[in-house]
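Participant: please work out how this folds:
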Amino acid sequence: MSEPHGSPDTTRTMPVLDKGTPDGAAPGAHRRFWSARRVPAAIAAVLLLALAGLFLYDIAAVRAGRPGMRWRRALARQLAERTLDDIWVLTGAAVATALGLWLLALALTPGLRSLLTMRGPHPDVRAVLHRPAAAAMLRDRAMDVPGVQSARVRVRRRKADVRAVSHFRELDEVRADLDTVLGEAIGALGLARPPALSVRVRRPGRKG
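Facilitator: Now for the predicted structure:
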């Protein structure tokens, strides 16, 4: 058999990562997932449909020569008689404003705060990590540090709070080890926006 000419080692072109986007992902690939808001949307749709249907039925009844519904006549009379500074008018306006702001907040915010966006290997691949799972992983790593008796971890979107109890070793040494170990653990989670680390260490409380 004849050998191919040239070096037996083949040369491959390595992928180049874009410095502007981590892991070579496209811009916007690490955006948060948006909640479907199915329950609030369904409630709002049902209420609006029921209210619109009620008014349409009353208008059709009036067009047919029947008297309007008693509640609508009473409402029209109350609106005509009450002034703008009336307590019931102000209360109704406040409730309507609060409901409108709530719906706007639901429409303009992504929700799903329990999900942390992870870095994807490809722009079309998106992954998330649940905050309780991230907290459990960091707690396990904290418990491996010598001197740590117990640890409580709470992971938020921008911050990871670690509260540890040390029953031996100097507190500064335990805190330094926790900073190093948990800093590496947060980096290993593969999050698109790693949370800042906050560590506090104390001695166990006295019993009795």
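Participant: and the helices in this protein, which stretches?
Facilitator: 38-63, 70-81, 87-108, 131-143, 171-188 (DSSP state H).
Participant: which residues touch R141?
Facilitator: V181, L182, A185 (Cβ atoms under 8 Å, 6 or more residues apart in numbering). Every residue, glycine included, has its C-beta placed from N, CA and C.
Participant: ok, T97 - contacts?
Facilitator: Per Cβ under 8 Å, 6+ apart, neighbours of T97: none.
Participant: could you do the one 10 residues further on as well?
Facilitator: Each residue near A107 by Cβ under 8 Å, 6+ apart is listed here: R37.
Participant: could you rerun that using 10 Å?
Facilitator: With contact set as Cβ atoms under 10 Å, 6 or more residues apart in numbering, A107 has these partners: R37, P40, A41.
Participant: from W71, how far out is H122?
Facilitator: H122 is 59 Å from W71, where distance means Cβ to Cβ, to the nearest Å.
Participant: ok, M118 next?
Facilitator: 54 Å.
Participant: tell me which of the two has more neighbours.
Facilitator: Comparing M118 with W71 by other Cβ atoms under 10 Å, the one with more neighbours is M118, at 16 against 10.
Participant: mind exporting the lowest-mean-pLDDT helix or strand in the chain as CSV, just the C-alpha atoms?
Facilitator: Lowest on mean pLDDT, DSSP states H and E among the helices and strands of the chain sits helix 70-81, with a mean of 82. C-alpha atoms of helix 70-81 as CSV (Å, rounded to 0.1, in the frame of the first residue of the first chain):
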residue,chain,number,x,y,z
ARG,A,70,-81.6,47.4,36.6
TRP,A,71,-77.9,47.3,37.6
ARG,A,72,-76.9,49.3,34.5
ARG,A,73,-79.5,52.0,35.1
ALA,A,74,-78.4,52.2,38.7
LEU,A,75,-74.7,52.4,37.7
ALA,A,76,-75.5,55.2,35.2
ARG,A,77,-77.4,57.1,37.8
GLN,A,78,-74.6,56.7,40.3
LEU,A,79,-72.0,57.9,37.8
ALA,A,80,-74.1,60.9,36.9
GLU,A,81,-74.7,61.9,40.6
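Participant: contact partners of that helix?
Facilitator: 54-55, 58-59, 61-62, 67-69, 86, 88-89, 92.
Participant: taking these together, which two end up most distant?
Facilitator: The span of the contacts of helix 70-81, defined through Cβ to Cβ, is set by A61 and D86 at 29.2 Å.
Participant: and for A133, the neighbour number?
Facilitator: 13.
Participant: that one contacts L116, correct?
Facilitator: Yes. Contact criterion Cβ atoms under 10 Å: A133 and L116 qualify, at 9.1 Å.
Participant: flag the shaky bits of this protein, pLDDT-wise.
Facilitator: Applying pLDDT under 70 to the chain picks out residues 1-32, 207-208.
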